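Trainee: The sequence and its predicted three-dimensional model are supplied below.
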Amino acid sequence: MTQRLDNSQLARDKRRVKYRSIGAFTLIELLLALSLLSTLMVAVGVAVDASLYSYAENEKIADFNQVARVILTRMSHEIRTAAAVDSTDSEITIIPPGGGDVTQIQYAFEGGTLYYRRTTGSGMTESVLVAGDENVHLTTFYVIRETGLDWQGLSCTKSLTIRMGFTSGGETFWITASASPRRNQLY
């Protein structure tokens, strides 16, 4: 039986020696691991921040792009159905077909803001369609007018091309639309 106790005692001693030989982290290893972990976390944080910033900028540009497309679609429709259209480089004046309350529609780009003006029998109303904010600006709005002759030989607007330029972060994004009045032009 003493042999057995000696064997169990010997096994316990071996375990103690085994556990003592397994070393823990030294202070230098722990500091090195913490510095590597903090560097990795900073890199991940910077990447996530850049990704969120990029997402927010793309959202703003997409919103302005959608607004511009809606405006250009509306302009194109009003030009196509107009009784008469006149324009300058930064302004469009539309005379709608007769029978309605609206006598004149005007789109005017003044000081970085695009205005929509409607004249009716009771007066004129004005709305701001696009005004730049601190991140995205409507920097360019110009109209190219092509004239021709109508069926009576009178000068008329044959087509309009409208170009809008938005600037964000030093980049300019262009949106263009063209429309031709469908009615004979008499003015």
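Mentor: That came through fine.
Trainee: biggest helix in the protein by residues?
Mentor: helix 27-80 (DSSP state H).
Trainee: Any idea how far the helix or strand following it is from the middle of the chain?
Mentor: As assigned by DSSP states H and E, the chain's next helix or strand after helix 27-80 is strand 84-87. Taking C-alpha atoms, centre = their mean, to the nearest Å, one finds the center of strand 84-87 at 31 Å from the center of the full chain.
Trainee: what angle separates the host helix or strand of Val143 from helix 27-80?
Mentor: Using DSSP H and E, Val143 falls within strand 136-149. Using axes from the mean of the first three to the mean of the last three C-alpha atoms, to 10 degrees, the direction of strand 136-149 lies 30 degrees away from that of helix 27-80.
Trainee: what distance separates the longest helix of the chain from the centre of its chain?
Mentor: Counting by C-alpha atoms, centre = their mean, helix 27-80 is centred 11 Å from the centre of its parent chain.
Trainee: List the neighbouring strands of the helix or strand following the strand holding Val143 plus their orientation.
Mentor: On the C-terminal side of strand 136-149, the closest following helix or strand by DSSP H and E is strand 155-168. Applying DSSP bridges to the sheet, strand 155-168 is found paired with strand 136-149 (antiparallel), strand 171-179 (antiparallel).
Trainee: May I have strand 155-168 exported as PDB, CA atoms only?
Mentor: Presented in PDB, the C-alpha positions along strand 155-168 are these (Å, rounded to 0.1, in the frame of the first residue of the first chain):
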ATOM      1  CA  SER A 155     -40.500  81.900 -85.500                       C
ATOM      2  CA  CYS A 156     -41.000  79.500 -82.600                       C
ATOM      3  CA  THR A 157     -39.100  77.400 -80.000                       C
ATOM      4  CA  LYS A 158     -38.300  74.100 -81.700                       C
ATOM      5  CA  SER A 159     -36.600  72.500 -78.600                       C
ATOM      6  CA  LEU A 160     -35.000  73.400 -75.200                       C
ATOM      7  CA  THR A 161     -32.100  71.600 -73.600                       C
ATOM      8  CA  ILE A 162     -31.800  72.200 -69.800                       C
ATOM      9  CA  ARG A 163     -28.600  71.400 -68.000                       C
ATOM     10  CA  MET A 164     -28.200  71.500 -64.200                       C
ATOM     11  CA  GLY A 165     -24.900  71.100 -62.400                       C
ATOM     12  CA  PHE A 166     -24.600  70.100 -58.800                       C
ATOM     13  CA  THR A 167     -21.300  70.500 -56.800                       C
ATOM     14  CA  SER A 168     -20.500  68.400 -53.800                       C
END
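Trainee: Alright, that wraps it up for me.
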